[in-house]
Every structure is written in structure tokens, then in C-alpha cells.
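Undergrad: Sharing a model that was predicted from the sequence below.
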Amino acid sequence: MNDIIIVTGGAGFIGSNFVLSWIANTSSEVVNLDALTYAGNRKNLLSLDRDSRHSLVKGDIRDTALVTSLFRTHKPRAIVHFAAESHVDRSITGPDAFVQTNVVGTFSLLQAAKTYWETLDADEKSKFRFLHVSTDEVYGTLKPEDPAFSETTAYAPNSPYAASKAASDHFVRAYFHTYGLPVLTTNCSNNYGPYQFPEKLIPLMILNALEGKALPVYGDGLNVRDWLYVEDHCSAIRAVLEKGRLGETYNIGGSSERTNIEVVHAICDILDELQPNKALGSRRNLISYVQDRPGHDRRYAIDARKIASELSWQPQQQFEGGIRKTVEWFLQNMDWVNDVRSGAYQQWIELNYAERLSL
Ligand code: NAD
Ligand code: DAU
């Protein structure tokens, strides 16, 4: 085996942050397999253009011949699997792609990884890792008084996205129990930070507020999410990859529960301070309560005691500092923003918000 990892979905939001941090924090190489869907962007990896330790392969995780040849050629010591359809609203209007990539794609990867793993000698076999990156949404929704999700919380996915991720988690688990494939699964809360595609709450609100557009808050704005700065998610994945116990799942969270309206207020206030808009006054005036997301989970919260006690991992970034850094990143990277807001992006925005905002 070589000191190489395969990363899937490494041109997306979390995957590209992970690849950048992996290259900065280790001496090993990355082969990055990404289909470059609307959510994948080569420009996230621009700083690695001349780095021989990173190579981007455009391809689909369901392409067994391609994945098999990547395993055979590179003989990696691990695969870190981010590739997915990741947006809940899109899963409501078009669930098929979620079944294809998240379920069928993960199954295909497991099959190819197992075939490769079976060719390794006993020592290599024990060192190989298949790390599956998943979500807290598989656990369903919490009431205000409920304890946070732990690794033993029963699965109760509520959206087609969550159901597809739950199915993939179960396949990963089954490959450990049935075939002994050395797998690890992480279930993380909401990430935010650089390179997040502006269909998700935080980047969408930053850009709309900056441009004086309506800020579409679903329902009553009191749904709660636990927010984790993306760099902290990347360090947690590195810790699980290096020290996690085989077959185990690890919950990852930021201990930063916020209602959506609190998040939107924070963004408005930071932008008012950094780029005052006299005509508007407070950007909070742009908030518009719109039609709710069907099946909208009320609250997510993560009990991250297992990863803290077993692997000594703790998030480093507080939400208040992280959201400020994120707003500043978007202000400083409007070229990136303009680049990702292609025609396809505009079509999605119109489709998702036309009815909600009664445009
Ligand atoms: P993203 O949508 O930003 O990126 C997904 C990437 O996967 C893109 O680069 C896309 O091109 C690629 N991809 C999609 N289909 C593919 C296919 N068939 N073959 C190869 N590549 C394909 O997603 P993200 O927000 O970075 O999430 C990454 C992973 O982390 C996902 O598995 C998601 O479920 C999980 N996760 C996300 C969050 C979050 O808050 N964003 C939280 C917890 C877990
Ligand atoms: O919990 C982890 C999950 O977090 C990940 O698995 C998903 O890939 C990721 O997309 C995210 O899912 P959410 O549905 O929580 O994220 P989103 O940014 O879409 O929405 C966050 C909250 O904000 C949610 O309660 C819905 C609300 N919202 C979202 C948008 C896009 C709004 O009120 N208005 C909006 O325009």
C-alpha cells in the first residue's frame, strides 16, 4: 500500500476543505475523484494546481471500472467518502439523484473497496480504512427537551436526503459485519465556512443580504441546527481516520445550537458593521418569513462525548468567530461567488423560491 488516500467528492464544500487541510497537515498524497456536478468546483482547489501531491479525476463513484482502476493503480491506504447529493430541498423536488449517488454510489464504492482490500496482505488489510462521511440528519428530529443525538440514537430519517444517507450508513455497517471491511462512519452536524455552495442557509443569506435581496426564512425561523466550522469537521475526520475504532460510528458536532433566525440576525449584523447600507438601515429589514420546507426537522443537536473522550477531539472555532470569518471570506471571494452562480444556479433559486416568496 502507498501513502495515498482516495477522496471522493473532494471538489465540493467539505471535501475541498478536507483536501486542502490534508495536504497542509500531512505528507501523503490525495487522489480526488469527483463528478463535478453543480456542487463541485475545480476552483476550490486552485491553490493545489502545482502540487504534485494532489490529482483531480473527473468521474462518477458509480463507475466501477474507473474506481477499480484507481484502487489498482494507486494502492491507497484509505478512502474518505464525501461524494453525495447534499441539499435537502433538492431531495424533496428530485429524490432520484439522491438514491443514485448516495445509495447506489456508496454501494459501488464499497464493492470496489472490498475487491481491492481482498488483494492486500494481512498487515495491509489491517491498516486499510474506508471512512464514510455522513450526517446527523439520519437520526430525525428532536423536541426542545430531548437529549442530543448520540451514536446509539435510533435512525429515523425524515427527508429523501436523510433516508439516502441512512441507507448508505447501513451498507457501510453491513460491509464491516459481513465481510470485515475496515470501515468507520462519522455523523456530523451542519457545517459552514469557505466554499459552501450558496444554496445552503448561511452562504445564501450572506449573499442575499449583501445584495439587498429578501432573506427567505422557512416557517417561523425557530428550527434549530448545531453549527460546526468546516475546518473542525476536517480535523475530526483526520482523528477518526488515524485513531478511530473499526466498525464504529462517531458523532461530530460544534456544541453551537442556534435557531435559524439567530443565524440570520448574526449575518445581518456583521454585514451592517462591515458594509453599512444607509438606504436599507438594518439588513434585518430584509427578512421574509416564507412557506416552510415539507417535513422540516425541528431541531438537531449532537452529543460528541465519544469522539472527545476516545480521540481527544474538540472543535476549536466558536460560532461567533466562525460566522464572522465566513462572512469575511465571502466578501473577499466574490470572483468565486460569481463563478458558481451560473445559469443552473439561477434556475434552482427561481424554482425553490418563486412560490415561497410569491415572486
Ligand atoms: P457538496 O454538495 O458541497 O459536495 C458534494 C460533492 O460530491 C461535489 O463536489 C459533487 O461534484 C460530488 N459528487 C456528487 N455526486 C457524485 C458522484 N456520483 N460521483 C462523484 N462525485 C459526486 O456536499 P458537502 O456539503 O461538501 O457534503 C459532503 C459530504 O458530507 C456529504 O456526504 C454530506 O452528506 C456530508 N455532510 C454534509 C454536511 C453539511 O453541513 N454540508 C454535514 C454533515 C455531513
Ligand atoms: O445536519 C447536517 C446537514 O446540514 C447536512 O447533512 C446537509 O448536507 C446540509 O445541507 C445541512 O442540511 P440542512 O437542511 O440543515 O441545511 P440548510 O442550509 O439547507 O438549512 C439549514 C436550516 O435553514 C434549515 O432549518 C432550513 C433553513 N433554511 C434554509 C434555506 C436554504 C431557511 O430558513 N431558508 C433557506 O433559504
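TA: Cool, got the structure. Ligands and ions are numbered 1, 2, ... in the order given.
Undergrad: Please look at residue 106 and residue 174 and confirm they touch.
TA: No - between residue 106 and residue 174 no contact is recorded; they are 11.1 Å apart, counting by Cβ atoms under 8 Å. Bear in mind the C-beta positions are built from the backbone N, C-alpha and C, glycine included.
Undergrad: neighbour count winner among those two?
TA: Legend: neighbour count by other Cβ atoms under 10 Å for residue 106 and residue 174, higher for residue 106 (28 against 14).
Undergrad: what about the residue nearest to that one when sequence neighbours are not counted, helix or strand, and which?
TA: Ranked by Cβ to Cβ, 6 or more residues apart in numbering and with sequence neighbours excluded, the top spatial neighbour of residue 106 is residue 168, at 3.8 Å. When secondary structure is defined using DSSP states H and E, the element that contains residue 168 is helix 160-179.
Undergrad: Say whether ligand 1 is contacted by that helix.
TA: Yes - Helix 160-179 comes into contact with ligand 1 when judged by Cβ under 6 Å from any ligand atom, the residues involved being residue 165.
Undergrad: May I see the buried residues of that helix?
TA: 160-169, 171-172, 175-176 (16 or more other Cβ atoms under 10 Å).
Undergrad: Same check on stretch 233-246?
TA: Along stretch 233-246, these residues count as buried under the neighbour rule (16+ other Cβ under 10 Å): 233, 234, 235, 236, 237, 238, 239, 240, 241, 244.
Undergrad: Redo these as TSV? Include distance to residue 27, pLDDT and secondary structure.
TA: Converted to TSV, these look like this (distance: Cβ to Cβ, whole Å; pLDDT from 0 to 100; DSSP: H, G, I helix; E, B strand; the rest coil):
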residue	distance to residue 27	pLDDT	secondary structure
233	22	98	helix
234	17	98	helix
235	17	98	helix
236	20	98	helix
237	17	98	helix
238	13	98	helix
239	17	98	helix
240	19	98	helix
241	15	98	helix
244	21	98	coil
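Undergrad: which one of these sits closest to ligand 2?
TA: Sorting the buried residues of stretch 233-246 by distance to ligand 2 puts residue 233 at the head of the list, at 10.2 Å, by Cβ to the nearest ligand atom.
Undergrad: Next, the contact list for that closest one, please.
TA: Under the criterion of Cβ atoms under 8 Å, 6 or more residues apart in numbering, the contact partners of residue 233 comprise 14, 17, 18, 188, 191, 252.
Undergrad: same thing with residue 300?
TA: Counting by Cβ under 8 Å, 6+ apart, residue 300 makes contact with 136, 137, 139, 141, 142, 149, 189, 190, 224, 225, 226.
Undergrad: what's the nearest residue to it if we skip its chain neighbours?
TA: Of all residues apart from its sequence neighbours, residue 136 sits closest to residue 300 (Cβ to Cβ, 6+ apart), at 5.1 Å.
Undergrad: swap in residue 190?
TA: Nearest in space to residue 190, with sequence neighbours left out and distances taken as Cβ to Cβ, 6+ apart, is residue 225 at 4.5 Å.
Undergrad: can I assume that neighbour sits in a helix?
TA: No - note on residue 225: no helix contains this position according to DSSP: H, G, I helix; E, B strand; the rest coil, which reports strand.
Undergrad: does residue 217 belong to a helix or a strand, and which?
TA: Counting by DSSP H and E, the element that carries residue 217 is strand 215-218.
Undergrad: Direction included, what does that strand pair up with?
TA: strand 287-290 (parallel) (DSSP bridges).
Undergrad: is the very next helix or strand once past the strand it pairs with anywhere near ligand 1?
TA: Scanning forward in sequence from strand 287-290, with DSSP H and E defining helices and strands, the next element found is helix 305-311. No - in terms of Cβ under 6 Å from any ligand atom, no part of helix 305-311 sits within range of ligand 1; the closest distance is 13.8 Å.
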